[in-house]
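Participant: pasting the sequence and the predicted coordinates here, then a few questions.
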Amino acid sequence: MSPTSPDADCDGYRFLTDRMLGTLTRYLRFMGYDTVSANSLPHGNNREDTLLLEMAGRDNRILLTRDRELARRGGERAIYIRSADVVEQVRMLVVLGCILPRIRMNRCSLCNCRLRPATPEEISQTTYAPRQDRNLEFYWCPRCEKLYWMGSHGRNLIQRLQGIFEP
């Protein structure tokens, strides 16, 4: 498994995560990786594992799972995520060469849609947007109609990612 672009600009790997990896899914999206979650599938399908394997193959995605047997069935199209800790999960994917641990703010953390620069109207009509001018850049999800900016939450994520390889 290797990224299609040598600089790993987030378009190399595409991921599919099982239901146990919701936080990792959001982290990967914040890092700019196209990541589909099994949480987007209807609940209760007793063939969900088979469906995930089919989706991974059909959509050229790497299946990330906490289910050892599912990872075994997925072969080289799947990665077994041992740790329940999201920082350890990210560290594992970095060590495997699948991702670069940096925040890009180009995908919606909720729906995976590509973000675009927000218009002044979208910013002013969003009640949760900071009102004071802090020279912030704002991004908009056209599907969820959610506004993003690099605030304290983003800075905290950056600090967590920077600490991945510090002792």
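Facilitator: Structure's in. What do you need? As the structure is a prediction and not an experimental result, all values here were calculated from the model.

Participant: touching, V36 and D59? I think so.
Facilitator: Yes: assessed by Cβ atoms under 8 Å, V36 is found in contact with D59 at 7.5 Å. In short, each C-beta sits where N, CA and C put it, glycine included.

Participant: who's more crowded, these two?
Facilitator: V36 (20 against 11; other Cβ atoms under 10 Å).

Participant: which SS state does that one fall under?
Facilitator: Put simply, V36 is strand when judged by DSSP: H, G, I helix; E, B strand; the rest coil.

Participant: pLDDT score for it?
Facilitator: The model reports V36 with a pLDDT of 97.

Participant: also S152?
Facilitator: Confidence score, pLDDT, at S152: 80.

Participant: near it, how many other residues are there?
Facilitator: For S152, using other Cβ under 10 Å, the count is 7.

Participant: separation between it and A84?
Facilitator: 25 Å (Cβ to Cβ, to the nearest Å).

Participant: chain center to the helix or strand of the chain with the lowest mean pLDDT: distance?
Facilitator: Using mean pLDDT, DSSP states H and E, helix 152-162 stands out as the lowest-scoring helix or strand of the chain, at a mean of 82. Centroid separation for helix 152-162 versus its chain: 15 Å, with Cα atoms, centre = their mean, to the nearest Å.

Participant: check which helices and strands that helix is in contact with.
Facilitator: When contacts are defined as 3 or more Cβ pairs under 8 Å, 6 or more residues apart in numbering; DSSP states H and E, helix 152-162 sits against helix 22-30.

Participant: list the helices and strands the helix it packs on packs on?
Facilitator: strand 15-17, strand 35-37, helix 86-95, helix 152-162.

Participant: next SSE after the helix or strand where E54 lies?
Facilitator: Using DSSP states H and E, E54 maps to helix 48-58. Moving toward the C-terminus from helix 48-58, the next helix or strand (DSSP H and E) is strand 62-65.

Participant: no more questions from me, cheers.
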